[in-house]
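1. Mind looking at a prediction? Sequence and model below.
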Number of protein chains: 4
Amino acid sequence: MDEQALLERVHTQVANLIGQGAVASYIPALARVDPNQFAFALRRIDGTEAGVGCVDNAFSIQSMSKVFSLSLALQLLGESLWERIGREPSGDPFNSLVQLEHEHGKPRNPFINAGAIAVADRLVSHCADAKQQILEFVSGLLDEPVHYDLEVAASEAAHGSRNAATAHFMRSFGKLDNPVEVVLDVYFHQCALALSCRQMARATAFLCDAGVNPLNGERVLSERQCRRVNALMLTCGTYDVAGEFAFMIGLPCKSGVGGGIIASVPKQMSLCVWSPALGPSGNSMAGTKALELFAAEAGVSVF
Amino acid sequence: MDEQALLERVHTQVANLIGQGAVASYIPALARVDPNQFAFALRRIDGTEAGVGCVDNAFSIQSMSKVFSLSLALQLLGESLWERIGREPSGDPFNSLVQLEHEHGKPRNPFINAGAIAVADRLVSHCADAKQQILEFVSGLLDEPVHYDLEVAASEAAHGSRNAATAHFMRSFGKLDNPVEVVLDVYFHQCALALSCRQMARATAFLCDAGVNPLNGERVLSERQCRRVNALMLTCGTYDVAGEFAFMIGLPCKSGVGGGIIASVPKQMSLCVWSPALGPSGNSMAGTKALELFAAEAGVSVF
Amino acid sequence: MDEQALLERVHTQVANLIGQGAVASYIPALARVDPNQFAFALRRIDGTEAGVGCVDNAFSIQSMSKVFSLSLALQLLGESLWERIGREPSGDPFNSLVQLEHEHGKPRNPFINAGAIAVADRLVSHCADAKQQILEFVSGLLDEPVHYDLEVAASEAAHGSRNAATAHFMRSFGKLDNPVEVVLDVYFHQCALALSCRQMARATAFLCDAGVNPLNGERVLSERQCRRVNALMLTCGTYDVAGEFAFMIGLPCKSGVGGGIIASVPKQMSLCVWSPALGPSGNSMAGTKALELFAAEAGVSVF
Amino acid sequence: MDEQALLERVHTQVANLIGQGAVASYIPALARVDPNQFAFALRRIDGTEAGVGCVDNAFSIQSMSKVFSLSLALQLLGESLWERIGREPSGDPFNSLVQLEHEHGKPRNPFINAGAIAVADRLVSHCADAKQQILEFVSGLLDEPVHYDLEVAASEAAHGSRNAATAHFMRSFGKLDNPVEVVLDVYFHQCALALSCRQMARATAFLCDAGVNPLNGERVLSERQCRRVNALMLTCGTYDVAGEFAFMIGLPCKSGVGGGIIASVPKQMSLCVWSPALGPSGNSMAGTKALELFAAEAGVSVF
């Protein structure tokens, strides 16, 4: 398969979708991103790479960071992480508090906001400096330094009422050990990581190589943990349309409101597509279509 | 009717219930209150008073304060208050966030926690110093100074995760104008007002006298507003058992987790009963029974 | 007070509201009712009556029948009725199944559809012929025969999917003893009772006279039961706006989608207003306003 | 890989789990099944088969039948099926009506009861005799006749209140075109299909062979439809623990309360395990563990 040619065909096929939808507008730093950008990068486990569009433009990875924080937490805490966080699709919006109330403060899975905040709380408890350790973890995956976009992080904090409500709510059930301010500071920073599509495809390479980072041969997760992160991405990774993604694309994916989507093809390749304008489900419109076309033509659905 | 004799009979009849149940334990200042206390005071609109038990012991009025803050807000804002707060029973627990999510941050009524916090927010917006103004309002009702129990207020703040979640949640929907910390500081203080049964019966005398404070002849609310506060007390005043209270007692009531319950008999008298041990619904066990017996024997049900 | 003059003033004041809104359209027999009708009748406990508009036009009493079936069930079963039915406002729409699921098939109160169906099930268990006994009960209240509108009953059955869902749902929780078809047949017939405003004011006279039917001196309910039916009407009688009715009108009321509303003024009088066009809450628009004006001018709010 | 040897090892490893849990007891015909049975059969796409335990014992396939009815409906209706049924995990119990109310009668996916009943309604609309056509469809998949267990079907109907509630509820939203009795008759019969593990492994062979039935070379579904059925099985196939199954097993699965579970390994093999005693989630305890052990040792997770 000539992935570069395929990516180029896909790029052409989605050209008229790029810029359709709307960029996330809840914080100014995201609202002013040019919606007419598109990039699609992939990395095979043999190390070959392909890409189209602005694959080196850094963008705010937002909820895709939840894959990194979950992986780091699994590395540090192992199975005990699941005492605080479930593993089921939620059926409710990603920022809903309804299920949290019914289930006494235990989030359904690590990819809804409540779950990611609970993961951040676990990291605060187990790290001397959680923010720094996340940064080092992602830098280690990439073999190059990454940084937080501090303007985005500050902006998230300034508009973080819903996340503050979520964190205080979990704390009221005794399911958050650290002060809300400390936990949210970590969470808002991880969401504000700025990486390019090429970097994301590299940094998630371990997900399709049984937990080993092929860039440096280091084990990130056990083979079993790695399969489980992929399973969670498939069942819970794309807001309220995980079923639709499984149905249309058939790959473990994780999206972010910055317009990025990562996908892993187990034993074959990692992908990252980015285009900032979002559809009604909060996923990149051009990015979703590009992934669907790629998966269909490349025949890489897991099903 | 000889109210004093009736109160004494009721006191005897509930003697074996006093101390049954459990005092509120979510903050230390409430947890250490002696559960074996009981007081029942009433004030007729002609000024005669009656009482049994420790009617001059001050206790934490907690949610009964919501009647004061609502009345003050109605005085200051009039009907515009209802743009932010509904007037329907909630059907959900008093501290639930489920309905708040379904109804986009507008609380069902001013007596659930969310509603009272929304009232506090309105007071912060309309008062130079809301805490001080609440204090003056209640002092004015009583014609004697009242004070906040600062230990209780601090304790509420230290254990206020659920209320913080509620406030941040409303703010995320644009339904809270002031900073959460400022609003909750007012709310925690109003809950920490310490008054005796005799004082509560006096301070709520305006509710059964068409909105005029009979102690000094000053109008607190219009006649219509006064009827409405009573209506809200009857339909929403006693946590999740307002229907049961209407059914068993038949009077507008408002209870607090400190173990107090106020009731108003329109055009006749105001009542306050107190006994700190609570039943499963969060209302004073001996107090509820005493009110039921009193209302039945005195024939004062509104129905 | 000259009630007749007051009713005439109220009639004039609401003239422009008559016909506003929309008649219930879920069954043809209701959909074709002329919306431009209005009647308001009252009966004082001393036997004097007053009325304006077409007070002798029979109309479909629909959910107002729930007051009759509840009263009959209380007469037959006493307190044991409450093992199957709660007494709290629901907070959810009158035909919602959400709360029924959370509370394992026990309806919140006898005035939501689920509750009235549960009452019908109790009547089927305790009567040789429940339909006939309801008819005799209401005829007895009126001292004249009443009848079911069989076309309406048949139409309800033909469009009764939601009620069938409700009944089967309760039965799945073991909270309905009789076959769904039998119970719904009773329920659809009681809703199809056709009475005039004047008849409704007479048939509910016992509610404001401590449970005794003033037309014939027979006790319908104990004084205590009577107060409780009034309490339930006030807290739960008008679909999702019981709080609003308590707030604006301040009387125990029960409405029906036929456009009728009954109200009781304890120890004074029973009222029935009717105008078929409904507002968004499912209550008669002109009827609601007429009741509000009457209660305010007559000063009959219970609060 | 020697699948037969692996199945035998797995059988030994789960021996102490067989009979643990409880058989489904909501209908007598299921309640009296011997819990100490176990069978595990597989069929590779090259036609080789393996099996341990009582692989030829027929049992009630129950909810596994939803895969057959969905496949038949997709064959007959194509994409238009999705106008009535969603494709997302529900987050609520398989027989919940809460989400159905919030989403106006459109079921979340075809594997919760509401969804399967909606599929049955579609089949009734598109088949001259839906019951017969389902029978022929499954017989065609197997190349041998299958039959309904009429005692089980009658028993389902006699205890079908919850399903009746579900069907009437959808009909009340205009989302069920045919009479409830007709639709449920089809649904109760499909659930009462009796097949053995070996038969189930054969009848689902098309799911792992791109939609073609390898037994006779006939196309059952398009390649794309086939992937989508697998995706739905993975995200929604095992009641409230689909996330857990994806996490622990990593295969598209569909379970039934009869104690059977089918799984497909795309491009490799179809599996069916059966042991009647269920764990708290409604899935076979020994069967679930056996699948987990098999998937881990055989390395067949899709992730």
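-> Okay, I see it. Numbering: from 1, shown residues only, chains lettered A, B, ... in the order given.

2. and A:Ala263, backbone torsions?
-> Main-chain torsions, A:Ala263, degrees, to the nearest 10: phi -140, psi 150.

3. Check A:Leu215 and give its pLDDT.
-> A:Leu215 carries a pLDDT value of 87.

4. Just list the residues touching it, thanks.
-> A:141-143, A:202, A:205 (C-beta atoms under 8 Å, 6 or more residues apart in numbering or on different chains). In short, each C-beta sits where N, CA and C put it, glycine included.

5. contacting residues around the closest residue to A:Thr48 other than its chain neighbours?
-> Of all residues not flanking A:Thr48 in the chain, A:Glu3 sits nearest, at 7.7 Å (C-beta to C-beta, 6 or more residues apart in numbering or on different chains). Going by C-beta under 8 Å, 6+ apart, A:Glu3 touches A:42, A:44, A:48, A:50, A:269, A:298.

6. hmm, back to that, how about JSON lines for the contacts of A:Leu215, with neighbour count and pLDDT added?
-> Formatted as JSON lines, those follow (neighbours: other C-beta atoms under 10 Å in any protein chain shown; pLDDT from 0 to 100):
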{"residue": "A:Leu141", "neighbour count": "24", "pLDDT": "96"}
{"residue": "A:Leu142", "neighbour count": "20", "pLDDT": "94"}
{"residue": "A:Asp143", "neighbour count": "12", "pLDDT": "92"}
{"residue": "A:Arg202", "neighbour count": "24", "pLDDT": "97"}
{"residue": "A:Ala205", "neighbour count": "23", "pLDDT": "97"}
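
7. Just these: which are in helices?
-> Those of these mapping onto helices are A:141-142, A:202, per DSSP state H.

8. Could you list the paired strands of the helix or strand harbouring A:Ser264 along with their orientation?
-> Using DSSP states H and E, the element containing A:Ser264 is strand A:260-265. Its sheet considered, strand A:260-265 pairs with strand A:253-255 (antiparallel), strand A:269-274 (antiparallel) by DSSP bridges.

9. pLDDT wise, what is the nearest residue to A:Leu74 once chain neighbours are set aside at?
-> In this structure, A:Leu74 finds its nearest non-sequential neighbour in A:Gln225, 5.1 Å apart by C-beta to C-beta, 6+ apart. Predicted confidence (pLDDT) at A:Gln225: the value is 96.

10. returning to what we had before: what is the nearest of the ones in helices among the contacts of A:Leu215 to chain C?
-> Comparing those against chain C with C-beta to the nearest C-beta picks out A:Leu141 as the nearest, at 44.4 Å.

11. Tell me which stretches of the stretch 201-303 of chain A form helices.
-> Counting by DSSP state H, counting those that start in this stretch, the stretch 201-303 of chain A has these helices, from start to end: A:223-236, A:242-248, A:285-298.

12. Now render those as JSON lines, adding mean neighbour count.
-> Converted to JSON lines, the helices of the stretch 201-303 of chain A look like this (neighbours: other C-beta atoms under 10 Å in any protein chain shown):
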{"stretch": "helix A:223-236", "mean neighbour count": "25"}
{"stretch": "helix A:242-248", "mean neighbour count": "26"}
{"stretch": "helix A:285-298", "mean neighbour count": "23"}
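
13. So which of those helices is nearest B:Phe169?
-> helix A:223-236 (22.7 Å; C-beta to C-beta).

14. any chance of the strands paired with strand A:260-265 in CSV, with mean neighbour count and mean pLDDT too?
-> Shown next, in CSV, are these (neighbours: other C-beta under 10 Å; pLDDT from 0 to 100):
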stretch, mean neighbour count, mean pLDDT
strand A:253-255, 29, 98
strand A:269-274, 29, 98
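
15. okay, those strands in TSV with distance to D:Arg198 next?
-> Below are the strands paired with strand A:260-265 laid out as TSV (distance: least, C-beta to C-beta, whole Å):
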stretch	distance to D:Arg198
strand A:253-255	36
strand A:269-274	38
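
16. Figure out which of those is closest to D:Phe111.
-> strand A:253-255 (21.3 Å).

17. Mind listing residues that contact the closest one?
-> Strand A:253-255 is contacted by residues A:63-64, A:66-67, A:111, A:233-234, A:237-239, A:245, A:261-263, A:282-284, A:287, A:291 when judged by C-beta under 8 Å, 6+ apart.
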